[in-house]
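**Student:** Sequence plus predicted model, see below.
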Amino acid sequence: MNEFLRQLPKVELHLHIEGSLEPELMFALAARNGIDLPYASVEEAKAAYDFEDLQGFLNLYYQGMNVLRTEQDFYDLAMDYFKRARSEGVLHIDMHFDPQAHLQRGVPLEVVMAGLLRAKDEAEASIDLTVGMIMAFLRDRPAEEALHVLEQAAPYWKFLDAIGLDSAERDNPPAKFQKLFVRAKKLGLVRVAHAGEEGPAEYITEALDLLDVQRIDHGVRCLESDEVVKRLRDHQTVLTVCPLSNVSLKVVDQLSDHPLPQLLSEGLKVTISSDDPAYFGGGLLENHIACAQAFGWEADTFRLLNQHAIEEAFVSEGRRQELFKRLTDF
Ligand SMILES: Nc1ncnc2[nH]cnc12
Ligand SMILES: [Zn+2]
């Protein structure tokens, strides 16, 4: 089964590129940029990745990305993950990135965008991996700041596949960002949002009603409302579920308790993703393998999940047809 899952053509819709920063690369970039790390070794960093909740993780996530300073750093970060993912059978990644987390450290947007776009172009040209770009906004920062950053990003709108909403969900409801999402829609940008990860099912409804999102990132807490489940099923709204992330952040106690099988049996359009692979115990392949072990899923379930992901991926229609063919032929 593990070899089948490695070879299976896979598509990932929910990946924070800053969350793919492996401790080894963090140390290398810290040395290159003359930055002190709060860890003595890679092992000590890994030992610190033991989280109580989303906020506990976010504290280390924002601290870790402090080593990213130059265009080359962002390129190296992205290429490191792209190559690893490709070697594990991933053919497309929709990548979230967090401009505000870099701007607030004094790293210009141009530096972030140049590094990530160079990595995307190179992956598409040379390693048979396509990449979607999701500019994410931090919901625990002021809505006015997000609006300002969206305007500042005008030269890059044409490179964006969507805008997203992430960071600390509790007490930061989607309604706070209605203006931002209305503006993005006017600009013709597609919208996605994290909702129902730590926040309640009502946040999913708000994201759909007020932000007019095309996808719900996570969404596992939809099961707390029959009404929300029905709506997601009726519209076949995709959920980008991140099983190992939900275990690491204690959304569930253990993977065998995860509601993924129930989400599927409710007829919801489920996909699986890694979220922050460097922090949560592995990338898309590890998430597949863990689900096979926890739920006893067979090949057909994994084919279905990746078919959903291909249907919803931010790719050209030509590439989408090619991905379907590669999945069907496999
Ligand atoms: N799992 C997650 N939830 C919300 N924001 C995030 N940013 C990076 N990972 C995240
Ligand atoms: Zn996420």
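**Tutor:** In hand now; what should we look at? Ligands and ions are numbered 1, 2, ... in the order given.
**Student:** In the stretch 51-200 of the chain, what residue lies closest to ligand 1?
**Tutor:** D166 (3.5 Å; C-beta to the nearest ligand atom). The way it works is simple: take the backbone N, C-alpha and C, and place the C-beta from them, glycine included.
**Student:** tell me the contacts of that residue?
**Tutor:** 16, 96, 98, 136-139, 194, 217 (C-beta atoms under 8 Å, 6 or more residues apart in numbering).
**Student:** Which of the residues you listed sits closest to L77?
**Tutor:** L77 has its nearest neighbour among the contacts of D166 in H16, at 11.0 Å by C-beta to C-beta.
**Student:** is the closest one in a bridge, and if so with what?
**Tutor:** Counting by DSSP bridges, H16 is bridged to H96.
**Student:** near ligand 1, which residues of the stretch 51-200 of the chain show up?
**Tutor:** 54, 61, 166-167, 194, 197 (C-beta under 6 Å from any ligand atom).
**Student:** Now, these that are in helices?
**Tutor:** 54, 61 (DSSP state H).
**Student:** how about TSV for the residues of the stretch 51-200 of the chain next to ligand 1, with pLDDT added?
**Tutor:** Output for those, formatted as TSV (pLDDT from 0 to 100):
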residue	pLDDT
L54	98
Y61	98
D166	98
S167	98
H194	98
E197	97
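**Student:** What about the residues of the stretch 51-200 of the chain next to ligand 1, which one has the most neighbours?
**Tutor:** With neighbours taken as other C-beta atoms under 10 Å, the top of those is H194, carrying 31 neighbours.
**Student:** Nearest to L187 among the contacts of D166?
**Tutor:** Using C-beta to C-beta, F137 comes nearest to L187 of the contacts of D166, at 13.8 Å.
**Student:** Confirm that the closest one sits in a helix.
**Tutor:** No: assigned with DSSP: H, G, I helix; E, B strand; the rest coil, F137 falls outside any helix and is strand.
**Student:** wait, what's in contact with it?
**Tutor:** Counting by C-beta under 8 Å, 6+ apart, F137 touches 100, 146, 149-150, 163-166, 177, 180.
**Student:** Identify the farthest-apart pair in these.
**Tutor:** Across these, the longest distance by C-beta to C-beta is 14.6 Å; it joins L150 and D166.
**Student:** one step back: in helices only, show me the contacts of F137.
**Tutor:** Judged by DSSP H, helices contain the following of the contacts of F137: 100, 146, 149-150, 180.
**Student:** Having no further points to raise, I will conclude here.
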